[in-house]
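S.K.: Sharing a model prediction with you, sequence too.
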Amino acid sequence: MPLRIRFIGGADQRLKDEIAPFARWLRGHYSFPIEFELRLVNQRVLRDFDGAKCYLRWWQTASEKRVVAEVAVGNFGRNLAKEGPTVAYPTVIAAMGRALKYYFQIVRNVPRREDHATRFGDRLMDAYISESKPPPPWRGA
């Protein structure tokens, strides 16, 4: 089953250009036993299903054959202008890594742990930037 990256709402082209090789890198290092659709949404914040503001949300379809995650990337252009590429790109990549960890927790049917997702996302970002081996998907969960 594939990893699918979708851009929703006209995401910044500079972000699209960077995420394409990152997605290839992920596919080269991880397998996806059920479909994982990761949406990068051109909004500054998302609304979770309970109405709370969030930057990342995820769900599994009723058939349990697909996991969907959404990451708010509407601040990317502003972050790029204000903080530069060394902050703007890694911020999105780390958030995608957090969503990926939630996916692996779902696949293994283990409790979702935000601290594990945060740590995994940061380690994944570091591995991608340094062109080193990414963290194992099951460690810490």
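M.R.: Sure thing, it's come through.

S.K.: From the structure, what's the count of residues near the nearest residue to P137 once chain neighbours are set aside?
M.R.: Excluding its sequence neighbours, the residue lying closest to P137 (C-beta to C-beta, 6 or more residues apart in numbering) is F104, at 4.3 Å. Yep, even glycine has a C-beta here, placed from its N, CA and C like the rest. Using other C-beta atoms under 10 Å, F104 is surrounded by 23 other residues.

S.K.: and if you look at D17?
M.R.: 9.

S.K.: Mind checking what secondary structure it has?
M.R.: Assigned with DSSP: H, G, I helix; E, B strand; the rest coil, D17 falls in the helix class.

S.K.: go on, the one 10 residues further on?
M.R.: Using three-state DSSP, the three-state assignment for R27 comes out as helix.

S.K.: shift numbering so it begins at 25
M.R.: With the count now opening at 25, the last piece we talked about shows up as R51.

S.K.: tally of neighbours for it?
M.R.: With other C-beta under 10 Å as criterion, R51 counts 13.

S.K.: Same question for E88.
M.R.: Around E88 sit 10 other residues, with neighbours defined as other C-beta under 10 Å.

S.K.: related to what we said a few turns ago, quick one: pLDDT of the residue nearest to P161?
M.R.: Confidence at F128, expressed as pLDDT, is 94.

S.K.: what helix or strand does it sit in?
M.R.: helix 109-132 (DSSP states H and E).

S.K.: Paired strands for the least confident helix or strand in the chain by mean pLDDT, with orientation please.
M.R.: In the chain, no helix or strand scores lower on mean pLDDT, DSSP states H and E than strand 80-84, which sits at a mean of 92. As defined by DSSP bridges, the strand partners of strand 80-84 come to strand 90-96 (antiparallel).

S.K.: What confidence value was assigned to the residue nearest to the spatial centre of the chain?
M.R.: Most central in the chain under C-alpha atoms, centre = their mean is M120, positioned 1.5 Å from the mean C-alpha point. pLDDT, M120: 97.

S.K.: Kindly report the same for the one 3 residues further on.
M.R.: Here the pLDDT value assigned to A123 is 97.
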